[in-house]
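> got a predicted model here, sequence first, then my questions.
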Amino acid sequence: MSLIGLSGTLLFIAFIAYLVATLFFGGAIKGTKQDASKSNKKWGKIAITITIIGFIANLGYFITRWIYAGHAPVSNMFEFTTAFGMFVVGAFILIYFIYRLPSLGLFALPIAILIIAYASMFPREVTPLIPALKSYWLYIHVITAAIGESILAISAVAGIIYLLKNIDTSKRTKSSIWLEVVMYAAVLVIGFVIVTSTFRIMGYEADFTYVDKNGAQQEITYNTPALFGMHQYELKSSGKMEPLAEMPAIVNAKKLTTVVWSVLVGTILYGLIRLILRKSISRFIQPLANRANLQLLDEIGYRSVLIGFPVFTLGALIFAMIWAQEAWSRFWGWDPKEVWALITWLFYAAFLHLRLSKGWQGEKSAWLAVIGFVIIMFNLVAVNLIIAGLHSYAG
Amino acid sequence: MEKKQKRLYTRIVILAVLVAAIAYTVYNTAHKDDVQLLKIGDNAPDFSLVDLNGETHKLSDYKGQGVLLNFWGTWCKPCKKEMPAINNQYKQFKNQGVQILGINIAQSNLEVSSYADKLGVEFPIAIDKTKSVMRAYNVDPLPTTVLIDKDGKIVKIITGEMTETDIEKYLKSIKP
Amino acid sequence: MKSITCECGHVNPEGTHLCEKCGRPLTDEDKKQKIVDMKYEGRAIRSKTYNKSIIDKIWNFFSSVKVGVSIIVITLIAAAIGTFLPQVIYVNVTEGEDIKQAYVDNYGTFGKIYYNLGLTDIYSSWWFQTLIGMLAISIIVASLDRGIPLYKSLKNQRVRRHESFMKRQRIFGEREMTSAEADKTLDLTEKKMKELKYNVRREDGVLLAEKGRFARSGPYVNHLGLIIFLFGVMLRLMPGFYVDEDLWIREGETASIPGMEGYYLHSNKFTFETYKKDEQKEEFNQSKAAVNSVAKNYQTDVVLYKAKDNAVAGDTTDLKQVLHHAIKVNEPLKYDGFALYQMDFRLNELKAMNFNLVNKKTGKSLGEVNINLADPKKVYNLDKQTKVELKGYYPTFSGFEDGEPQSESPVPNNPAFIFKMYTPETPKGETSFVAIKQTLEPLGETKYKMQFANIETRNVSGLTIRKDKTLPILALGGIIFMIGVVMGSYWSHRRLWLQKTVDGRLMMAAHTNKNWFSMKKDLDTVTEFAHLPNWVDQQDDDDLKKKQEKEKEGDNTL
């Protein structure tokens, strides 16, 4: 098998291992407190073992791809997002060995699975490096930042479990609605994965020409049926769907189409889930969180921010500045990606201050952790794909 | 009571320093674009250039005389317009202790000499091939004229075209 | 100044929650609490002590964590707004084009509003800078106000605390014990805690085991780092600390380096490479992305020269070669505190033009003339009787004015020439004006012509010259920040108090500033070993009770 083939297989193995481990973590929290603790421990042990096997396979993917490509596999959207998913699992394993809380795995692994699934929707070829990306500082910066972000993500996982346990999901309150919104957002990501992979399997391709904002003729290929057409579009492939509406030149109608498709499918999926469950998702999964100790969750949330914040600062700000100084001649240039790293950093700084001095613990702190994760994901998804900057990997 | 006084003063000092630092930063950011390396009253940076006739002109050798530096290029229209006027005034002032030096910005000898021949320029013209004099004087738009007094201090920096009366006035002002 | 005298006789400043000496809660509110608030060890935060003069009020404003967090949040939001549209530095406008118009063209009405609100250059705006400045003030003032009392109280910490202090700790336990038993427990505890790397202090019947106190100074150290960093950023605005210049240099050219007095740069070659098919991975070649060639390298091979000592501007005699370097992206040339970066390029600028001197009738060439556009010669001799005189050269020919050719720039974008051709056949010479795709014979028809043969081109490198003397200060700030944040995050301050009471009990209390579960692990170890009283986490207890009450309420509604 070729190195890149091996790499792909290892990633697949990791993916499956995470799925299986999730089920075992589910087993580890079942039963009532008294009678089940022994069998729970066994399930937990199996679950973490499978997780670690998956993580090793994932590392194997990373290393083989690195050898094959000749550069660290963090240089495009697929590679970076996959690495992020891998580090989330790594961070989970780290925190698990401090606190040994199985329900953490039950939520952290699905999030990592979603992230990796999301990543594989992007082109997976090994792209040649443009000159600006040829720098050891860049790899150090990106990898450290991703590790920092993934540790911070664990605090959001703890936060979600905390909220699930603490919020009364049977009543319609502001917090129960917002919690359901978080669930809905996760379903939208599944919607995106379904849409993209369905049309990919079908091999859907529709070529268009359009006029960009500088008035130049351009070509674009849609991989989903076009809902929106680019500025002055013209369909070149025969037998493909004509767009429903044309967009002005400043809007990338292809990305808009993908977003709308994901929202549509995600919403339908959400509706179906609700129909089948006959209750909100958060209410449905609430029992999974019930066994956890609130104080312990609060501490895990806080501890992961404490562990992740210095790593994030080092990777996303300090190493980033060193690289920027080498590559762009200035350590800071208010590039959107830089600004969003700063925003993330300021947010967690505010989090720590509120917690230390204002006593924002428990539910408030859990919400902040979730918001922090939203900011991180915004930086990863929206800033890369929508707000173009020097870092834009292009999607 | 004394302790309290001391604390008040400490606080005043700390706050004042910080506020001053912010004010300084804000002011500087707002004005960073018009920072000039050279100001009136500064010592004119010394330089040495070879003119079209092969003679070396070193600014410090002209101490005791007034010096007019005219930075120009052949493509620059206002430069071309003021050149004859400068030349006229050069004839008037050359024996009164005032030096005029035309400094072309990094063009070829052929262009500069044929241009000078065509306009009948008599004052020395040197080509700043490496643009180092231009950079030392922070010259941006052309033409730029720098007036230097007998002590080597910058008296005036003129950007843009000058009329002959202006030139006469300027040259008088730097006459030793 | 008002003060509070504790029962133990110690005089505390107003605003103190726990007596500085014995730890008794002082205010009624504190006395009512089941668990004391251990922030800043119950010390009076300085700002809370006076609030009289205007200076005190300003001081107190900045000292407040609430205000600090508000400033952080406002900065965060402002920074986010700045990313909605590209900032002006990232907008390419051709010369003469209005930047505002560029926003309107690209982003419509939203772009116009965005521009008019000044959001397109938000990070240089006075209010954004002021915001950062206020953040700095807040960091300094709040750190002084909290750090100093905290430092004092931790330094002067007593081993013996009042019972009311002990009882109000989150972890508390007590057991009846004989004095001998208690002493033995204290001994065992001391031994075990020392094994666990705690510092143990003992006084008559009391024990304090403490670990990781330095973690408490973490926040103050990282704040110091931040302040140093911000100071460095401010310093770069001072003249001389920061150089940022651009230099366009052509292949074969030697230029003085702006901002870097006494240094000259010679460009040997600029190279722009793209990946070849066989350098790319197979599956990439098959993908759509491979349609566009991917840039591989931008490189300028340069030689750095230094003028002789005491050389003045313009004096390029005796330039000394300092070094050769290939400037690439990510590999700047660094020398003497300066760094030269590869930032931009222009390919294929005209360098030379070749013409043949041709007899119009026969088409026979008398020879080739090579004109170096950067330094054209006056006369090109082909043989004894044949020569071409260059009467005029116009690098960017832009038309005629008063019958004279004009050039609008010194760069050979559209070169034009006036040639005078001397041949044995035309010894008096013939004049011809030659521009691209245009030939004029102003002084009558000529027998010979300058026939264009070919061109030579060269590339231009866009370099940026930087010098940043503040980098060491910024690095120092960064390092101190990291040390501080690691100190404060990866270590925790843990304390265990034991006290033998007169009435035959042994009390224990413990506190940590974070990571209670790890603290409890330590406590479990020592409890088992030294037979300490069984302790409870009074906060857990709280939660439990609250929950039970809740459930009871639930029962009632059933």
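Cool, got the structure.
> all contacts plus neighbour counts: C-alpha atoms, from now on.
Fine.
> helix or strand for the most centrally placed residue in chain B, which one?
Centroid-nearest residue in chain B: B:V146, 3.7 Å away (criterion: Cα atoms, centre = their mean). Counting by DSSP states H and E, the element that carries B:V146 is strand B:144-148.
> okay, that strand in PDB with CA atoms only?
What follows is strand B:144-148 as a C-alpha-only set of coordinates in PDB (Å, rounded to 0.1, in the frame of the first residue of the first chain):
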ATOM      1  CA  THR B 144      12.000  69.500  -4.200                       C
ATOM      2  CA  THR B 145      14.300  72.300  -3.400                       C
ATOM      3  CA  VAL B 146      16.300  72.600  -0.200                       C
ATOM      4  CA  LEU B 147      17.900  75.800   1.000                       C
ATOM      5  CA  ILE B 148      20.900  75.600   3.200                       C
END
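> average pLDDT for the following helix or strand past that strand?
Later in the chain than strand B:144-148, the nearest helix or strand by DSSP H and E is strand B:154-159. Here strand B:154-159 scores 88 as its mean pLDDT.
> stretch A:132-149 too?
92.
> quick one on the thing from earlier: check whether the strand holding B:V146 contacts chain C.
No - no part of strand B:144-148 sits near chain C under the criterion Cα under 8 Å from any Cα of the partner chain; the closest distance found is 15.7 Å.
> now for the residue in chain C that chain A sits nearest to, how many residues are close by?
Minimum separation of chain C from chain A (Cα to the nearest Cα) falls at C:N330, amounting to 4.2 Å. The number of residues packed near C:N330 is 23, by other Cα atoms under 10 Å in any protein chain shown.
> pLDDT at it, what is it?
So, for C:N330, pLDDT stands at 89.
> might one say that it is in contact with A:L138?
No - C:N330 is beyond contact range of A:L138, at 9.7 Å (criterion: Cα atoms under 8 Å).
> what residues does the stretch 251-395 of chain A put near chain C?
Applying Cα under 8 Å from any Cα, we find that the stretch 251-395 of chain A lies next to chain C at A:295-296, A:299, A:303, A:306-307, A:310, A:313-314, A:318, A:326-329, A:334, A:336, A:339-340, A:342-343, A:346-347, A:350, A:353-354, A:357-358, A:387.
> quick one, which of the residues you listed are buried?
A:295-296, A:299, A:303, A:306-307, A:310, A:313-314, A:318, A:326-329, A:334, A:336, A:339-340, A:342-343, A:346-347, A:350, A:353-354, A:387 (16 or more other Cα atoms under 10 Å in any protein chain shown).
> output stretch C:440-453 as PDB, nothing but the C-alphas.
C-alpha atoms of stretch C:440-453 as PDB (Å, rounded to 0.1, in the frame of the first residue of the first chain):
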ATOM      1  CA  LEU C 440       8.400  58.900 -38.000                       C
ATOM      2  CA  GLU C 441      10.800  60.500 -40.300                       C
ATOM      3  CA  PRO C 442      10.500  64.200 -39.300                       C
ATOM      4  CA  LEU C 443      13.300  65.500 -41.500                       C
ATOM      5  CA  GLY C 444      12.300  63.700 -44.700                       C
ATOM      6  CA  GLU C 445      12.200  60.200 -45.900                       C
ATOM      7  CA  THR C 446      15.200  58.100 -45.100                       C
ATOM      8  CA  LYS C 447      17.000  55.400 -47.000                       C
ATOM      9  CA  TYR C 448      17.800  53.500 -43.800                       C
ATOM     10  CA  LYS C 449      15.800  52.500 -40.900                       C
ATOM     11  CA  MET C 450      16.300  51.100 -37.400                       C
ATOM     12  CA  GLN C 451      14.500  47.800 -37.600                       C
ATOM     13  CA  PHE C 452      13.400  46.400 -34.200                       C
ATOM     14  CA  ALA C 453      15.100  43.000 -33.600                       C
END
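> element containing C:V460, please.
C:V460 belongs to strand C:448-468 when assigned by DSSP H and E.
> just the helices in the chain please.
Reading this off chain A. A:3-28, A:37-69, A:77-99, A:102-119, A:136-166, A:174-202, A:253-277, A:281-289, A:294-312, A:320-328, A:336-358, A:363-385 (DSSP state H).
> wrong one, I was asking about chain B
B:2-30, B:77-93, B:109-119, B:132-136, B:164-173.
> quick check: the residue of the stretch 451-558 of chain C at minimum distance from chain B vs C:H325, distance?
Proximity of the stretch 451-558 of chain C to chain B (Cα to the nearest Cα) peaks at C:I465, 13.4 Å away. According to Cα to Cα, to the nearest Å, C:I465 and C:H325 sit 15 Å apart.
> neighbour count for these two, which is higher?
Counted by other Cα under 10 Å, C:I465 and C:H325 do not tie: C:I465 has more neighbours, with 23 against 17.
> any low-confidence regions in chain B?
In the predicted model, chain B carries pLDDT under 70 at residues B:1, B:32-37.
> tell me the residues of it that contact chain C?
B:8, B:11-12, B:15, B:18, B:21-22, B:25-26, B:28-30, B:32, B:45-49, B:73-76, B:107-111, B:114, B:128-133, B:135-136.
> stretch C:296-315: which residues count as buried?
Under 16+ other Cα under 10 Å, the buried positions of stretch C:296-315 are C:296-307, C:311-315.
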